[in-house]
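> got a sequence here, can you build the structure:
(one chain, ligands or ions: 2)
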Amino acid sequence: MSTKQYDYDVLYIGSGHGTFDGAIPLAAKGFKVAIVESGLIGGTCPNRGCNAKITLDAPVVLQRQFEDLKGIVDGSLSINWQKNVAHKDEVIGGLPDFISGLLKSVGIDVLSGHGSFQDAHTVLVDGQAKTADKIVLATGLHPHRLNIPGSELAHDSSEFMNLATLPKRLAIIGSGYIALEFATIANAAGAEVTVVTHGDRALRKFDKSFVQIVVDDLQDRGVQFAFNTAVTSFEKADDAFVVKAADGFELASDWVLDATGRIPNIENIGLDKVDVAYNAHGIIVNDHLQTNIDNIYASGDVIDKTQPKLTPTAIFESTYLKQLFAGETTAAIKYPAIPSVVFTSPRLAEVGVSPETAAADPEHYTIESHHIPDDWYRQVGKEKLGDNRLIFDKEHHLVGATEVSAQADDVINTLLPAVEFKFGPAELGRLVYLFPSISSSAFGQL
Ligand SMILES: Cc1cc2nc3c(=O)[nH]c(=O)nc-3n(C[C@H](O)[C@H](O)[C@H](O)COP(=O)(O)OP(=O)(O)OC[C@H]3O[C@@H](n4cnc5c(N)ncnc54)[C@H](O)[C@@H]3O)c2cc1C
Ligand SMILES: NC(=O)c1ccc[n+]([C@@H]2O[C@H](COP(=O)([O-])OP(=O)(O)OC[C@H]3O[C@@H](n4cnc5c(N)ncnc54)[C@H](O)[C@@H]3O)[C@@H](O)[C@H]2O)c1
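Numbers count the residues shown, from 1 in each chain. Ligands and ions are numbered 1, 2, ... in the order given. A predicted model of the protein is given here:
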């Protein structure tokens, strides 16, 4: 196992989910492991991504439930922005130390500093050389910034989640995950939100008709959408930041969020020095997550891949690398069905074959549609919105599910094993769920 020639068996650059979920069990097996991190331990998801966002979203969920049950419950409910941000800080504040403690408990050396290659087996950590048999690039992504005049006047998602005061008028550029999730949170807390996007639709990776339900609901709540509007500049006026686009478009706002995507951290890490192949989408790897240089691998968001760049994907990859390095497998990585969810309210979640793909291929797929408010269980909370489509293959195995509803994330999680393992009528007949519950409601549709 241990290669005395090097300081470490495996050295990871980056400490996010692309690293630690696999590095911890690897070190526990006796491998000598180091992790180089220039920022907060745990990376994006715990510190400025999933965990922070879902904490800020919690009062929005409550507000929606309250709204649906209005008349049965009385009074009013508003979100205190400052307290919400403070609560988020309390929830996530201890995570770097917690994760660091887990790493150290299995003997991992956590090296604080910027990592870059000196040669294929040597990484300089703030100038200090550390050698390893295998090196894993897990450097993640950073926010893309529009390259237009005034770009320095706009902000990113981390800055949004740390805002001491909620801006009265918020302009959000882009209409992907971050744009719509943050539009939801800011609108619920009382901001006037405008989403400005260069395309003709939001959330391009998701089924059009489901996205429309989310967008219509946000519009009903006062969020403005400017589609087909490519921003050309940001300008500072006396009392506003002005977003400008072609054809005289001008939008005055108090704060601008640039949510135009995230790009791989491939600069300044010495990739060219060791000839690791990459492109604008990230590091190029083979089906063993190995780069073109034998002992250098990549994991997580920094990989150029077709799978969604999400935490569950990063966890699966780091766990696969642990199995590969520990000799538990020699097989190529075989990705499972990876679910995704946009944490708007209602949520939009999906897994497997999409309704659009199924509709285009009726020879292979059948589609079943369910109007969520018709489900008695959703009537308990008086849910008004929602749609669900289940996709079956010709043997009636469940191969895909998409839902927009208040509980779409839980529904898709419930259906996930059926999609991954292609459950048919025989297997489905063996499953019983707690009743009443969202799981029994989800399976009741099958
Ligand atoms: C606002 C937001 C919300 C999100 N919400 C969700 C969600 O709800 N669900 C979900 O599944 N995903 C979500 N994501 C995506 C999720 O955070 C990522 O998929 C996940 O964090 C990827 O993990 P990673 O380890 O590949 O990269 P990261 O977590 O980004 O870790 C990379 C680490 O590498 C470090 N690093 C980079 N270069 C160097 C260097 N040269 N030397 C030393 N250290 C370096 C960085 O500091 C960073 O800590 C969200 C992302 C954002 C931005
Ligand atoms: N719930 C979740 O799982 C979740 C939540 C937030 C973020 N994330 C992750 O973070 C990533 C980044 O999120 P995001 O919302 O920034 O990216 P995204 O790819 O979802 O959306 C980017 C948006 O910016 C627009 N855009 C891109 N280039 C542009 C340009 N030059 N001018 C104008 N508009 C442009 C796109 O059309 C799109 O609307 C996601 O892809 C996802 O991997 C996941």
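> now do the buried residues in the helix or strand containing L111.
Using DSSP states H and E, L111 falls within strand 109-112. Using 16 or more other CB atoms under 10 Å as the test for burial, strand 109-112 gives 109, 111. C-beta here means a position set from N, CA and C on the backbone, and glycine is covered the same way.
> can you tell if stretch 37-47 touches ligand 2?
No. Using CB under 6 Å from any ligand atom, stretch 37-47 never reaches ligand 2; the gap is at least 8.3 Å.
> need the longest helix for this structure.
helix 50-68 (DSSP state H).
> which strands and helices lie in contact with that helix?
For helix 50-68, the packing partners by 3 or more CB pairs under 8 Å, 6 or more residues apart in numbering; DSSP states H and E come out as helix 81-93, helix 157-161, helix 177-188.
> what's the burial count for L415?
27 (other CB atoms under 10 Å).
> returning to what we had before: deepest in the core, which of the helices and strands packed on helix 50-68 is it.
Of these, the one with the most neighbours on average (mean count of other CB atoms under 10 Å) is helix 177-188, at a mean of 24.
> what angle do that helix and helix 50-68 make?
40 degrees (axes from the mean of the first three to the mean of the last three CA atoms, to 10 degrees).
> who's in contact with helix 177-188?
53, 56-57, 59-60, 63, 79, 157, 160, 166-167, 170, 172-173, 193, 195, 197, 202-203, 214, 218, 221-223, 257, 259, 342-345 (CB atoms under 8 Å, 6 or more residues apart in numbering).
> residues contacting whichever helix or strand comes after it, please?
Moving toward the C-terminus from helix 177-188, the next helix or strand (DSSP H and E) is strand 192-196. Contacts with strand 192-196, where a contact means CB under 8 Å, 6+ apart, come from 168-175, 179-180, 183, 186-187, 202, 218, 222-226, 229, 231, 243, 245, 251, 253.
> mind checking which of those land in strands?
In this view, these that belong to strands under DSSP state E are 169-173, 224-226, 231, 243, 245, 251, 253.
> would you reformat the residues you listed as TSV and include pLDDT and distance to L146?
Compiled in TSV, these are given as follows (pLDDT from 0 to 100; distance: CB to CB, whole Å):
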residue	pLDDT	distance to L146
R169	98	19
L170	98	16
A171	98	12
I172	98	12
I173	98	7
Q224	98	19
F225	98	18
A226	98	15
V231	98	6
V243	98	10
A245	97	11
L251	98	14
S253	98	15
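> buried members of those into ChimeraX, please.
Only the buried entries of these go into this ChimeraX selection, using 16+ other CB under 10 Å:
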select :169,170,171,172,173,225,226,231,243,245,251,253
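> among the contacts of helix 177-188, which are within reach of ligand 1?
Among the contacts of helix 177-188, ligand 1 is touched by 53, 157, 343 when using CB under 6 Å from any ligand atom.
> give me the three-state assignment for P96.
helix (DSSP: H, G, I helix; E, B strand; the rest coil).
> how about it: what's its closest non-neighbour residue?
I41 (4.2 Å; CB to CB, 6 or more residues apart in numbering).
> would you mind measuring from the one you found to K130?
With distances taken as CB to CB, to the nearest Å, I41 is found 17 Å from K130.
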